[in-house]
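Engineer: Pasted the sequence and its predicted model underneath.
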Amino acid sequence: MRHFRHAFYRPLVSDVMNYERWQQKGAKPADRRANELWKKWLASYELPPIDPGVDEALRDFITRRKAEISAENS
């Protein structure tokens, strides 16, 4: 019993309520739940901290690679 809460996979989008309870709670289909979830996650997203030097090096690399790829496709 001590592992009960962590032993089972809880789905992110689908619902585990029985049909009657699901209807009482608004009968929200999985596609609407998924839409609400991604909007909520996107709104609460915070950029992870990154060293300014690493950030600058990555941005330089991205710029160079985009130029190289563009030149290869020309």
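Structural biologist: Happy to help now that I have it.
Engineer: List the buried residues in stretch 20-39.
Structural biologist: Residues of stretch 20-39 classed as buried by neighbour count (16 or more other CB atoms under 10 Å): none. Heads up, the C-betas are built off the backbone N, CA and C, glycines and all.
Engineer: Please list the residues outside it that contact it.
Structural biologist: 12-15, 17 (CB atoms under 8 Å, 6 or more residues apart in numbering).
Engineer: Could you tell me the end-to-end distance of that stretch?
Structural biologist: 27 Å (CA to CA, to the nearest Å).
Engineer: ok so, going back, now distance to residue 1, secondary structure and pLDDT too, for the contacts of stretch 20-39, in TSV please.
Structural biologist: Below are these laid out as TSV (distance: CB to CB, whole Å; DSSP: H, G, I helix; E, B strand; the rest coil; pLDDT from 0 to 100):
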residue	distance to residue 1	secondary structure	pLDDT
12	25	coil	83
13	28	coil	85
14	25	coil	82
15	24	coil	80
17	22	coil	86
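Engineer: between the residues you listed, which is nearest residue 54?
Structural biologist: Nearest to residue 54 among the contacts of stretch 20-39: residue 12, at 31.4 Å, using CB to CB.
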